[in-house]
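*Asks:* Could you work out the structure for the sequence below:
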Amino acid sequence: MTVPETAFLNGRFLPLAEATVSIEDRGFQFGDGVYEVIRTYRGRPFKLDAHLARLDRSAQAIDLRQPYPFERWVEYVTEGLRLGDFPETKIYVQITRGTAPRDHAYAPDLQPTVLMTFRELQPLNAIVQSTGVAAMTMKDIRWGRCDIKSINLLANVLARQQAKKRGVFESILVRDGQVTEGAVSNVFIVQDGKLITAPEGGWILSGVTRQVVLELARHEGLTVQERYCSEQELLGATEVFLTGTTVEVLGVVHIDGKQIGTGQPGPLTRSLAKRFLDETR
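*Replies:* A predicted model of the protein is given here:
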């Protein structure tokens with residue numbers, strides 16, 4: 001019998017509704033953990049190796065013991081997909097430092113809590129992809145190690161909620177006048193035919209989709225600049241688009257009520273979106 005929504009918890013598969021963790025788990029009490037989100041195309045996980053490599057980097061950055069080798073992760077992901085048996089799946093992976101009496105400092109021998117969930121993926125509506133989305137800007141108040149994919153996401157939650165209240169798709173974050181990234185995405189602009197996006201470092205989480213798009217752009221001979229752009233450059237760009245596991249390559253056509261370019265996803269955005277979909281095949 002196929003389990004509609006499946007969880008993997010500390011080495012065991014079970015129905016998602018039955019998966020529970022201790023109230024003293026440090027992920028619950030401190031946000032002490034890291035995570036990844038992976039999606040499938042035609043039932044196969046996309047860039048699984050890159051996601052697992054980033055999970056490992058995030059864990060190492062917070063001195064969190066990696067519970068499984070790469071091969072074991074692949075086995076568990078494969079089995080979870082088999083049990084779920086969805087047309088397409090969104091896989092959530094989380095490692096926390098484990099369970100212990102509440103204290104900011106931690107013992108080095110804690111047993112990590114490992115969780116995965118397998119849910120049916122609902123792809124972004126094709127009409128949204130073709131017409132583009134609106135966004136807003138807001139101050140980036142996150143911590144200084146955004147390159148770690150931490151489960152501490154309160155600032156992102158607040159930014160995303162502001163976007164929802166304004167009736168726009170995404171909040172684009174600005175720190176000291178420089179565009180960093182979106183609440184749930186990386187941000188690219190097109191200016192004078194050049195593709196510009198914030199560089200890797202502590203102010204952004206370098207997405208797997210971001211890296212694929214950069215490789216595609218360079219392969220096409222496009223000029224790529226990994227640098228911060230100003231808020232003025234963002235609003236004056238001929239094209240703006242977002243990248244991410246679930247948004248793929250998504251054009252932004254209005255920011256803070258101002259039209260970007262022609263008010264439709266631009267030619268470079270459309271071209272890279274097509275090339276990205278070709279890559280997923």
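*Asks:* From G202, how far out is G266?
*Replies:* 30 Å (Cβ to Cβ, to the nearest Å). All C-beta spots, glycine's among them, are computed from the backbone N, C-alpha and C.
*Asks:* Name the residue in the two with the higher neighbour count.
*Replies:* G266 (20 against 13; other Cβ atoms under 10 Å).
*Asks:* How many residues are close by the nearest residue to A183 once chain neighbours are set aside?
*Replies:* Closest residue to A183 apart from its sequence neighbours, by Cβ to Cβ, 6 or more residues apart in numbering: A159 at 4.0 Å. Neighbourhood size, A159 [other Cβ under 10 Å]: 24.
*Asks:* next one: Q66
*Replies:* Neighbour number of Q66 under other Cβ under 10 Å is 17.
*Asks:* With P15 instead?
*Replies:* P15 has 12 nearby residues by other Cβ under 10 Å.
*Asks:* Could you pull up the contacting residues of it?
*Replies:* For P15, the contact set (Cβ atoms under 8 Å, 6 or more residues apart in numbering) comprises 3-7.
*Asks:* now the helices: where do they sit in the protein?
*Replies:* 26-30, 48-61, 70-84, 126-131, 154-166, 208-219, 231-236, 267-280 (DSSP state H).
*Asks:* quick revisit: ok, which pair from the contacts of P15 is furthest apart?
*Replies:* For the contacts of P15, the farthest-apart pair by Cβ to Cβ is P4 and A7; their separation is 11.4 Å.
*Asks:* The two - which one has more neighbours?
*Replies:* Neighbours per residue, other Cβ under 10 Å: of P4 and A7, the larger number sits with A7, 22 against 15.
*Asks:* thought the more buried one was touching A19?
*Replies:* Yes: using Cβ atoms under 8 Å, A7 makes contact with A19 at a distance of 3.7 Å.
*Asks:* between these two, what contacts are shared?
*Replies:* 115, 117.
*Asks:* Quick one: the strands in the stretch 1-150 of the chain, in order.
*Replies:* 6-9, 12-15, 33-41, 44-45, 89-96, 113-120, 133-139 (DSSP state E, counting those that start in this stretch).
*Asks:* Export the ones you listed as a markdown table, with columns for distance to G182.
*Replies:* Below are the strands of the stretch 1-150 of the chain laid out as a markdown table (distance: least, Cβ to Cβ, whole Å):
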| stretch | distance to G182 |
| --- | --- |
| strand 6-9 | 28 |
| strand 12-15 | 33 |
| strand 33-41 | 14 |
| strand 44-45 | 23 |
| strand 89-96 | 18 |
| strand 113-120 | 22 |
| strand 133-139 | 7 |
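*Asks:* Would you format the ones you listed as TSV with distance to C146 and mean pLDDT included?
*Replies:* Converted to TSV, these look like this (distance: least, Cβ to Cβ, whole Å; pLDDT from 0 to 100):
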stretch	distance to C146	mean pLDDT
strand 6-9	27	96
strand 12-15	32	96
strand 33-41	13	98
strand 44-45	24	96
strand 89-96	18	98
strand 113-120	22	97
strand 133-139	14	98
